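> prediction below, plus the sequence it came from.
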Number of protein chains: 6
Amino acid sequence: MPIIEMHLMAGRTVEQKRRVAHAVSQAAAQALDVDINTVRILITEHGVDEFSVAGVTVGERNEARQAGNALT
Amino acid sequence: MPIIEMHLMAGRTVEQKRRVAHAVSQAAAQALDVDINTVRILITEHGVDEFSVAGVTVGERNEARQAGNALT
Amino acid sequence: MPIIEMHLMAGRTVEQKRRVAHAVSQAAAQALDVDINTVRILITEHGVDEFSVAGVTVGERNEARQAGNALT
Amino acid sequence: MPIIEMHLMAGRTVEQKRRVAHAVSQAAAQALDVDINTVRILITEHGVDEFSVAGVTVGERNEARQAGNALT
Amino acid sequence: MPIIEMHLMAGRTVEQKRRVAHAVSQAAAQALDVDINTVRILITEHGVDEFSVAGVTVGERNEARQAGNALT
Amino acid sequence: MPIIEMHLMAGRTVEQKRRVAHAVSQAAAQALDVDINTVRILITEHGVDEFSVAGVTVGERNEARQAGNALT
C-alpha cells in the first residue's frame, strides 16, 4: 500500500498520465513516509457524460456553454 | 460528498446517462438532506464479459440464451 | 447491475442509510428502466479527515470554522 | 455479497475474462462458505499508462525494456 | 496487477479473511496465468445497513425475518 | 475531477491523513494543470488482514516475522 485509484476525465495524453502518476506517487510516499515501491496507482477515465456535479453532466454543461456562446 | 460510483453495463445512450445522473443526484440529495451541489456521480461501464453473477458472465448467459432459442 | 457505491461522511443514522438506499435504488431503476431487484448499493463511510477538497480535509475546515467562531 | 472488483491490465481475451470470473467466484464462495449466486464480479481494465508502480507506468517500463533490447 | 477489491458484509473472522485472500489470489493467478506475487487484494467491509438489494438493506431484511419468526 | 481514492493501511494519525491529502492534491493539480479546488480525495483504511500480497495478509506476515524473531 498505498493503492491509489484516480478518476480522471477521459482525454488525457500519455505524457499527462505518466506525469501525474509520477508526481502523485512521489507526494504520497513522502507524506506517508513509505517506500515509493509500495505505491500503486490505477487511472480510470470517464467520458463527459459519465461525470456529473449536482445531477448535471460535463457533457450537458459543455453544450449549455456552447449554446450560450452562440447567442452572444 | 456524497461521491457516488455507478457501475453499469456498457451501451447506455448519452440520454440515459444524463437521466440517471440527474435522478440519482436528486434522490441522494433529498434522502440525505444535503445540497445537491455536493453530489458527484461517476459512471463506469463494463462489457458483457466484465460482469458476472455466480461466475457466469453476461456474455456467456446471452450466448446460452441465443443457443437455446436456436433449438426451439 | 447497476452496482452503486456511495461514499458518505461517517455518522449517518441507520434510518438515513435505509432512506438513501431506498431512494437511490428507486431513482436508478426508473431512470435506467431496469428491474429494481438488479440494483445493489454499497455504502462506504469516511471520517472527517478521510475526505478532502483542494487538499484540505473536512476536519481541518471544521477546526478553522470553530476557531473563527471563537474570535467573534 | 461478496461484490468483487478486479482491476486488470487491458487486453485480456473474452475467454480469459470468463475463466477468471468463474475461478474467482468459485474460490470466494468456498472460502467464505456462501452461495455462489451471491458472488458478483466487475472487471475494470486499465491501459499500460493507467497503472504505475513506484510512479513509473507499465508503458514506460515497456519502452525502457525495448530500448534496452535495442542496445544489446 | 491484478488488484482486487472485495466488498464483504462486516463480521468475518481473521481466519475467514485470510482464507478468502489466499483462495482468491490462487484462483486469479492461475486463471490469468500471472505470478501470484502480482496479486493484491483489498477487503472493504460493510455493515448490515450499508448494503442493499432492490433498495432494502440487509438490516431491514433481518428485522423483517425476525418479526416474521416472532409471529409464528 | 480528479476524484482520488487512497487505500491505506489502518492506523494513520490525523496529522498523516491531512499531510497526504494536501501533498497528493497539490501534486495532482500541478501535474494535470487543473484548479486544486476540483481535486477531491477519499481515504479508505484497511486492517492488517484486509490487505494481502500473493495471497498472504499483512497480519500473517507480521505474525511470521514475530515468530522468526522469537527464535533468534
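Cool, got the structure.
> for the spatially closest residue to A:Gln16 that is not a sequence neighbour, give me its contacts.
Nearest residue to A:Gln16, sequence neighbours excluded (CB to CB, 6 or more residues apart in numbering or on different chains): F:Leu32, at 6.4 Å. To be clear about C-beta, it is placed using only N, CA and C from the backbone, and glycine gets the same treatment. Residues near F:Leu32 by CB atoms under 8 Å, 6 or more residues apart in numbering or on different chains: A:Leu8, A:Arg12, A:Gln16, A:Val20, F:Pro2.
> again, 7 Å this time
The contact partners of F:Leu32, by CB atoms under 7 Å, 6 or more residues apart in numbering or on different chains, come to A:Gln16, A:Val20, F:Pro2.
> what's the closest of those to D:Ala67?
Comparing the contacts of F:Leu32 against D:Ala67 with CB to CB places A:Gln16 closest, at 21.5 Å.
> and that closest one, how far from F:Ala28?
The gap separating A:Gln16 from F:Ala28 is 11 Å, by CB to CB, to the nearest Å.
> which one's more surrounded, those two?
F:Ala28 (25 against 16; other CB atoms under 10 Å in any protein chain shown).
> and the helix or strand harbouring the more buried one, how far from the chain's centre?
Using DSSP states H and E, F:Ala28 maps to helix F:14-32. In terms of CA atoms, centre = their mean, to the nearest Å, the centre of helix F:14-32 is found 12 Å from the chain centre.
> same deal with stretch A:52-61?
The answer for stretch A:52-61 is 16 Å, by CA atoms, centre = their mean.
> how about that stretch: buried residues?
A:Ser52, A:Val53, A:Ala54, A:Gly55, A:Val56, A:Thr57, A:Val58, A:Gly59, A:Glu60 (16 or more other CB atoms under 10 Å in any protein chain shown).
> out of those, which are inside helices?
Among the buried residues of stretch A:52-61, the residues falling in helices (DSSP state H) are A:Val58, A:Gly59, A:Glu60.
> save the residues you listed as TSV, and put in pLDDT too.
Conversion of those to TSV gives the following (pLDDT from 0 to 100):
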residue	pLDDT
A:Val58	98
A:Gly59	97
A:Glu60	97
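> if we look at chain B, which of those are close to it?
A:Gly59, A:Glu60 (CB under 7 Å from any CB of the partner chain).
> ok, the ones in helices among the buried residues of stretch A:52-61 vs E:Thr44, which is closest?
Taking CB to CB as the measure, E:Thr44 lies nearest A:Val58 of these, at 27.9 Å.
> which residue, other than its chain neighbours, is closest to that closest one?
The shortest distance from A:Val58 to any non-neighbouring residue, by CB to CB, 6+ apart, is to A:Val48 (4.3 Å).
> tell me the secondary structure of that neighbour, please.
Assigned with DSSP: H, G, I helix; E, B strand; the rest coil, A:Val48 falls in the coil class.
> ok, it to D:Ala10 distance?
21 Å.
> who has more neighbours, these two?
A:Val48 (18 against 11).
> would you agree that one is in contact with A:Arg61?
No: judged on CB atoms under 7 Å, A:Val48 makes no contact with A:Arg61 at a distance of 8.5 Å.
> OK, contacts around the residue nearest to A:Ala29 when sequence neighbours are not counted?
Once flanking residues are discounted, A:Ala29 sits nearest to A:Ile36: 3.9 Å by CB to CB, 6+ apart. By CB under 7 Å, 6+ apart, the contact list for A:Ile36 reads A:Ser25, A:Gln26, A:Ala29, D:Ala54, D:Gly55.
> quick check: phi and psi on the last one?
What it means is D:Gly55. Per-residue torsions, D:Gly55: phi 80, psi 0 (degrees, to the nearest 10).
> doesn't A:Arg19 make contact with it?
No: using CB under 7 Å, D:Gly55 is not in contact with A:Arg19, being 9.9 Å away.
> pLDDT below threshold where in chain A?
Low-confidence segments of chain A (pLDDT under 70): A:71-72.
> what distance do you get for whichever residue of chain A sits closest to chain B to B:Leu32?
Residue of chain A nearest chain B, by CB to the nearest CB: A:Gly55 (3.3 Å). Distance from A:Gly55 to B:Leu32, counting by CB to CB: 14 Å.
> same check, this time on A:Ile3
28 Å.
> what parts of chain A come near chain D?
Within reach of chain D by CB under 7 Å from any CB, chain A has these residues: A:14, A:17-18, A:21-22, A:25-26, A:36-37, A:39-44.
> how about 8 Å then?
By the rule CB under 8 Å from any CB of the partner chain, the part of chain A lying against chain D is A:5, A:14, A:17-18, A:21-26, A:36-37, A:39-45.
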